[in-house]
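> Sequence and predicted structure are below.
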Amino acid sequence: MSSGSHVYGYSAVLMGSPILLKLFDNNQALASQVFRLIKQYEDLLTVNRAQSEVMNINHAAGRAPVTVSAPVFELIRCALAASLVKDSCFNLTIGPLVKRWRIGFKGDSVPPAGEIATLLPRTRPEQVILDDEAGTVFLTQPDMEIDLGAIAKGFIADRVRDYLKLQGVEQALINLGGNVQTLGSPPGGWTVGLKKPFGEADALVGAITVENKSVVTSGVYERYFEQDGRRYHHILDPRTGYPLDNELDSVTIISTDSLDGDIWTTLIYGMGVEKGCALLRHQPGIEAIFVTKQREVIFSSASQFSFTLRDFDYRLVTGSTA
Ligand code: ADP
Ligand code: MG
């Protein structure tokens, strides 16, 4: 923030992540309301507890459609649409594989290939049936599991932005453990750090400046484990059941809605730089910053943000290579 006016920061830990809210007013009551809102959505969407609306759907897999609240239905509708795109690496029914790998949790190890092969048929998004009129979600095969871990934070970040707007707030930033959503255009814009992969907690490759935009980063350095000299991270390839492996250390998406940012980070992660840039040419509202293992920083385009390189071990490669 390069503004002269004072920014007030409010923090909490929710959804297993550090949450930071920035306001230009000293308003603890509003911050508490925001944290309550985040918790309410977390309670609906989590799959890390026995009960939630999403868990109700999972528990009824292979048995019956389940009625869910309007926001949950809407989010699942978006997640299903993204999963059904041809060659999509986004898959809302990835749950059984995520649970088995336990990446980033205690006791994570590479599952036997036979087990992965058994789980793959339980991750087919074609087997999710939505009924718009009834507002129900039906997983038609037993042992299917929806996992919204890749998009819940983006969805909630957008709801926080909408709520703050309704409250008459003109400028705010919410950071949900890496999903940043911003409201308004303070002098100098909002600055969001781009983390250095595998660096110290506060090490940055550079800084991204935006106004009224979301900045979402997905990186292989966020959650992973190592076994026999290989690294296994938390974004799985639904085609193979193994972590996605390509030239990327991270992908950042700049977009209006954080939900789009979340969906596109996963989609693009599955495609790599060249295909990703080619596809984004037809998506003017969605821009990507790729950080490669070769320490290059590549933009698909840069009309919605500006970028300042901070770590000169990295090389800025402007313009798409595709
Ligand atoms: P983070 O929580 O680190 O921001 P991401 O937004 O990158 O994570 O999403 C990773 C999470 O998404 C995983 O922990 C898992 O719950 C879920 N997931 C993993 N692979 C896929 C996939 N191919 N499609 C959809 N969701 C996935
Ligand atoms: Mg995400």
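Ah, there it is. Residues are numbered from 1 along each chain as shown. Ligands and ions are numbered 1, 2, ... in the order given.
> CA only for contacts and neighbour counts going forward, please
Noted.
> Flag the shaky bits of the stretch 1-150 of the chain, pLDDT-wise.
Low-confidence segments of the stretch 1-150 of the chain (pLDDT under 70): 1-4.
> Show me what from it comes close to ligand 1.
89, 90, 91, 92, 94, 98, 147, 149, 150 (C-alpha under 6 Å from any ligand atom).
> I'd like the distance between residue 188 and residue 306.
Taking C-alpha to C-alpha, to the nearest Å as the measure, residue 188 falls 11 Å from residue 306.
> ok so, going back, what about the residues of the stretch 1-150 of the chain next to ligand 1, which are in strands?
With strands identified by DSSP state E, none of the entries of those belong to them.
> In helices, which of the residues you listed appear?
residue 98 (DSSP state H).
> are any of the residues of the stretch 1-150 of the chain next to ligand 1 buried, and which?
Neighbour counting by 16 or more other C-alpha atoms under 10 Å classes 89, 90, 91, 92, 94, 98, 147, 149, 150 among those as buried.
> Tell me how many other residues surround residue 58.
25 (other C-alpha atoms under 10 Å).
> I'd say residue 17 and residue 179 touch.
No: look at residue 17 against residue 179 with C-alpha atoms under 8 Å: they stay out of range, at 10.4 Å.
> higher neighbour count, those two?
Legend: neighbour count by other C-alpha under 10 Å for residue 17 and residue 179, higher for residue 179 (27 against 13).
> Now the closest residue to that one other than its chain neighbours. Its backbone dihedrals?
Of all residues not flanking residue 179 in the chain, residue 216 sits nearest, at 4.8 Å (C-alpha to C-alpha, 6 or more residues apart in numbering). Here is the backbone geometry of residue 216 (degrees, to the nearest 10): phi -120, psi 130.
> which residues touch residue 216?
By C-alpha atoms under 8 Å, 6 or more residues apart in numbering, the contact list for residue 216 reads 154, 178, 179, 180, 252, 253, 254, 258, 261, 262, 265.
> so which of the residues of the stretch 1-150 of the chain next to ligand 1 also contact ligand 2?
Residues of those in contact with ligand 2 (C-alpha under 5 Å from the ion): residue 150.
> Format the residues of the stretch 1-150 of the chain next to ligand 1 as CSV; extra columns: distance to residue 138.
As requested, those are exported to CSV (distance: C-alpha to C-alpha, whole Å):
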residue, distance to residue 138
89, 22
90, 19
91, 16
92, 13
94, 15
98, 20
147, 14
149, 19
150, 20
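> can I assume residue 307 sits in a strand?
Yes: counting by DSSP: H, G, I helix; E, B strand; the rest coil, one finds residue 307 located in a strand.
> Who does it form a beta bridge with?
residue 208 (DSSP bridges).
> separation between it and residue 99?
Taken as C-alpha to C-alpha, the span from residue 307 to residue 99 is 37 Å.
> Up against ligand 2, what does the stretch 1-150 of the chain have?
Residues of the stretch 1-150 of the chain lying near ligand 2 (C-alpha under 5 Å from the ion): residue 150.
> Mind telling me which residue of the stretch 51-200 of the chain is nearest ligand 2?
Nearest residue of the stretch 51-200 of the chain to ligand 2, counting by C-alpha to the ion: residue 150, 4.0 Å away.
> what residues are up against that residue?
262, 263, 266.
> Skipping its backbone neighbours, what lies nearest the last one in space?
By the measure of C-alpha to C-alpha, 6+ apart, the closest residue to residue 266 outside its immediate chain neighbours is residue 90, 5.8 Å from it.
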